[in-house]
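[1] sequence first, then the predicted structure:
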Amino acid sequence: SRLPPGPLGLPVVGSLLRLDPAAPHESLTALSRRYGPIFSLRLGSVPTVVLADARLVREAFAKDACTGRAPLYLTHGVMNGKGIICAEGALWRDQRKFVASTLRGLGMVKAGPRRERLEKLIADSVDCCLQKLEGATVDPLAALQHCVGNVMNALVFGRTYAEEDPVWRWLQHLQEEGTRLIGVAGPLNFLPFLRFLPQQRRNLRFIVEGQRATHQLYSRLAAEHGDGQDDLLGAFLAEAERRRASGEPGQRFFCDEQRNYLLADMFGAGLDTTLTTLRWFLLMMAAHPHEQELVWEELRALGRRPTLEDMGSLPRLEAAILETQRIRTVVPVGIPHGVLQDMTVGGFLVPKGTMVLPLLWAIHMDPQHWPDPERFNPARFLDDDGNLVRRDNFIPFQTGKRVCVGEELARALLWLYCGALLRRLRVAAPAPSTGGVDLRGRCGITLTPAPQPLTFYTR
Ligand code: HEM
């Protein structure tokens with residue numbers, strides 16, 4: 001077979017200059033309208049294939065050959081292929097299995113006492129968040145970051161922090177700056193020699209320093225951790241001990257260094273994405289009061305705060321969450337995969353060493369599947385009788401063998417937060433004369449909204 005079509009690039013930079021650094025998802029989407037749902041280009045030194053159709057993503061990501069990560073400087077040079085997000089091969093398979101089964105043990109199951117414990121943990125954090133927002137005119141970011149952050153702290157490390165705890169403040173700052181700088185350092189991935197430029201060197205030093213300092217903290221948390229296994233760290237320590245005792249070869253995957261990379265990955269992957277989705281949800285509700293009223297009607301009819309049991313029976317709430325995930329996909333360029341063996345996708349050859357980008361923005365904004373895609377319209381996810389409908393061209397967690405391992409937890413968090421917040425509060429935008437709501441996103445690794453206040457009236 002032949003390679004997918006695509007633009008001719010310049011030597012050295014390839015097609016990098018075609019990408020708007022502030023909106024790479026839009027530049028790539030424009031190219032997909034021109035070259036089709038599968039096309040190839042070279043980004044600096046990295047040969048890349050872009051998939052702009054959910055069917056092609058499903059086909060590609062179902063293959064073992066496509067479970068690698070892209071040959072990027074940050075994944076391989078900074079993350080060293082450790083942890084889970086950047087791991088490949090035997091290490092990835094081992095850690096993926098361990099994480100998936102640990103998350104099930106922590107309550108990501110359909111029913112039972114563990115699920116109730118998880119639900120209580122989230123519900124308590126929602127209460128904390130409600131207290132901070134009720135009656136206030138603020139950007140909800142700080143409240144959400146603290147409250148959702150503590151759910152992740154509890155699940156990953158087995159502890160929570162007071163809001164003003166200096167260690168927690170420092171962790172939040174590192175996370176925010178790190179995510180921003182990794183975005184800024186994007187070109188470094190494709191042109192690794194850029195790391196010799198002074199500005200890039202400073203950014204990289206911050207990222208590597210932050211990594212070293214958080215790993216030190218994690219080692220301390222591990223040393224202080226008891227025998228309990230109600231969190232990922234506890235489960236890791238117990239599994240490391242079990243493998244050491246039995247002397248099995250898999251014990252090499254449970255060293256202290258891998259533990260620290262894994263903890264950082266789980267905390268980072270879980271918090272940023274969920275937080276950003278919640279921020280977009282509140283902004284969309286404020287900008288579309290009529291849609292907010294429809295959700296409110298449904299919640300009023302229920303007469304109490306929704307629980308996980310109610311998932312599947314509140315279609316308006318669910319459709320509003322799904323439509324938020326469509327119109328402001330938090331990872332608009334998608335999380336790239338790497339090709340481990342030559343393979344074919346859509347009849348085209350995709351050679352070993354290629355980076356595969358599942359271009360979620362193009363998929364979720366495709367006018368053929370989503371008429372008038374820039375319009376926020378939850379009814380897209382409802383049929384004429386108001387029942388929820390599954391949509392094929394919608395893959396916010398991606399698909400296949402590496403699909404988001406936290407999807408169940410993310411859906412539970414979004415459900416309980418969005419339901420409780422809208423049941424108790426009416427979210428309103430500032431008057432249009434003062435600018436209204438700014439729904440344009442800024443693209444780092446995630447597509448985030450601009451900081452802006454909202455008013456939270458008691459219902
Ligand atoms: C709305 C919230 C979330 C969204 C939109 C989201 C989205 C994604 C996406 C698109 C991927 C890439 C999948 C792939 O490579 O094919 C991913 C991977 C991942 N997510 Fe999430 N995620 C969310 C929440 C979470 C949460 C709460 C956790 C933690 C429990 C989590 C942990 C992970 C991990 C560890 C991976 C890497 C999986 C692997 O490489 O095998 N995510 N997520």
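    The structure has been received and is ready for your questions. Numbers count the residues shown, from 1 in each chain.

[2] from here on, just use CA atoms for contacts and neighbour counts.
    Noted.

[3] got the residues of the stretch 301-450 of the chain near the ligand?
    Contact residues (C-alpha under 6 Å from any ligand atom) of the stretch 301-450 of the chain with the ligand: 330, 334-335, 396-399, 402-407, 409-410.

[4] greatest separation within those residues: which pair is it?
    For these, the maximum inter-member distance is 19.6 Å, found between Gly334 and Leu409 (C-alpha to C-alpha).

[5] in which helix or strand would I find the residue of the stretch 251-400 of the chain found nearest the ligand?
    In the stretch 251-400 of the chain, the residue that lies nearest the ligand is Gly270 (3.4 Å; C-alpha to the nearest ligand atom). If you go by DSSP states H and E, Gly270 is part of helix 256-287.

[6] more neighbours, Gly334 and Leu409?
    Neighbours per residue (other C-alpha atoms under 10 Å) separate Gly334 from Leu409, with Gly334 holding more: 23 against 19.

[7] ok, that one - contacts?
    Neighbouring residues of Gly334 by C-alpha atoms under 8 Å, 6 or more residues apart in numbering: 357-361, 398.

[8] which non-adjacent residue is nearest the residue nearest in space to the middle of the chain?
    Central residue of the chain (C-alpha atoms, centre = their mean): Thr273, 3.5 Å from the mean position. Distances taken as C-alpha to C-alpha, 6 or more residues apart in numbering place Val330 nearest to Thr273, at 6.4 Å, with adjacent residues excluded.

[9] quick one: pLDDT of the one you found?
    As predicted, Val330 sits at a pLDDT of 93.

[10] quick check on the contacts of Gly334: which are buried?
    Buried members of the contacts of Gly334, counted by 16 or more other C-alpha atoms under 10 Å: 357-361, 398.

[11] which two from those residues end up farthest apart in space?
    Between any two of the buried ones among the contacts of Gly334 (C-alpha to C-alpha), the greatest distance is 11.8 Å, for Trp361 and Gln398.

[12] sorry, back to before: out of the contacts of Gly334, who's nearest Gly36?
    Among the contacts of Gly334, and counting by C-alpha to C-alpha, the member closest to Gly36 is Leu359, at 12.2 Å.

[13] what's the spacing between the closest one and Pro166?
    If you measure Leu359 against Pro166 using C-alpha to C-alpha, to the nearest Å, the figure is 39 Å.

[14] with Val295 instead?
    38 Å.

[15] so where do the helices sit in the stretch 351-459 of the chain?
    With DSSP state H, counting those that start in this stretch as the criterion, the stretch 351-459 of the chain has helices at 360-364, 407-424.

[16] show me what the last one is packed up against.
    In this structure, helix 407-424 packs against helix 113-133, helix 256-287, helix 289-302, helix 315-327, with contacts taken as 3 or more C-alpha pairs under 8 Å, 6 or more residues apart in numbering; DSSP states H and E.

[17] between that helix and helix 315-327, how big is the angle?
    Compare the direction of helix 407-424 with that of helix 315-327 by axes from the mean of the first three to the mean of the last three C-alpha atoms, to 10 degrees and you get 120 degrees.

[18] so, low pLDDT: which residues of this structure?
    Where the chain drops to pLDDT under 70, the residues are 11-13, 182-197, 433-435.

[19] quick one, strands of it?
    For the chain, the strands defined by DSSP state E occupy 38-43, 46-51, 137-138, 337-338, 343-345, 348-350, 355-358, 425-428, 441-443, 447-449, 454-458.

[20] any idea which of those strands is most buried?
    The highest average neighbour count among the strands of the chain, using mean count of other C-alpha atoms under 10 Å, belongs to strand 355-358 at a mean of 26.

[21] alpha carbons only: can I get stretch 119-128 in CSV?
    These are the backbone C-alpha positions of stretch 119-128, laid out as CSV (Å, rounded to 0.1, in the frame of the first residue of the first chain):
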residue,chain,number,x,y,z
GLU,A,119,-19.3,8.3,45.9
LYS,A,120,-19.1,9.6,49.4
LEU,A,121,-15.5,10.8,48.8
ILE,A,122,-16.7,12.8,45.7
ALA,A,123,-19.9,14.0,47.4
ASP,A,124,-18.0,15.4,50.3
SER,A,125,-15.7,17.3,48.0
VAL,A,126,-18.7,18.7,46.1
ASP,A,127,-20.0,20.0,49.4
CYS,A,128,-16.7,21.8,50.0
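
[22] which residues does it contact?
    Under the criterion C-alpha under 8 Å, 6+ apart, residues 147-148, 150-151, 307-308, 413, 416-417, 420-421 lie in contact with stretch 119-128.

[23] looking at those residues, which is nearest the ligand?
    Using C-alpha to the nearest ligand atom, these come closest to the ligand at Leu413, 7.7 Å.

[24] what about the closest residue to that closest one other than its chain neighbours, neighbour count?
    The shortest distance from Leu413 to any non-neighbouring residue, by C-alpha to C-alpha, 6+ apart, is to Ile122 (6.8 Å). Neighbours of Ile122 under the rule other C-alpha under 10 Å: 21.

[25] ok, the one 10 residues further on next?
    Here the count is done by other C-alpha under 10 Å, and Lys132 has 17 residues near it.

[26] what's the closest non-adjacent residue to it?
    Spatial nearest neighbour of Lys132, excluding adjacent residues (C-alpha to C-alpha, 6+ apart): Ala143 at 6.4 Å.

[27] and that neighbour, what does it touch?
    Listed by C-alpha under 8 Å, 6+ apart, the contact set of Ala143 reads 129, 132-133.

[28] first vs last residue of stretch 446-459, how far apart are they?
    Termini of stretch 446-459 sit 32 Å apart (C-alpha to C-alpha).

[29] burial count for the closest residue to Pro113 other than its chain neighbours?
    Closest residue to Pro113 apart from its sequence neighbours, by C-alpha to C-alpha, 6+ apart: Gly107 at 7.9 Å. Close neighbours of Gly107, defined as other C-alpha under 10 Å, add up to 20.

[30] repeat that for Leu3.
    16.

[31] how about Val339?
    Other residues within reach of Val339, judged by other C-alpha under 10 Å, total 23.

[32] tell me the contacts of it?
    Val339 neighbours (C-alpha under 8 Å, 6+ apart): 65-70, 350-356.
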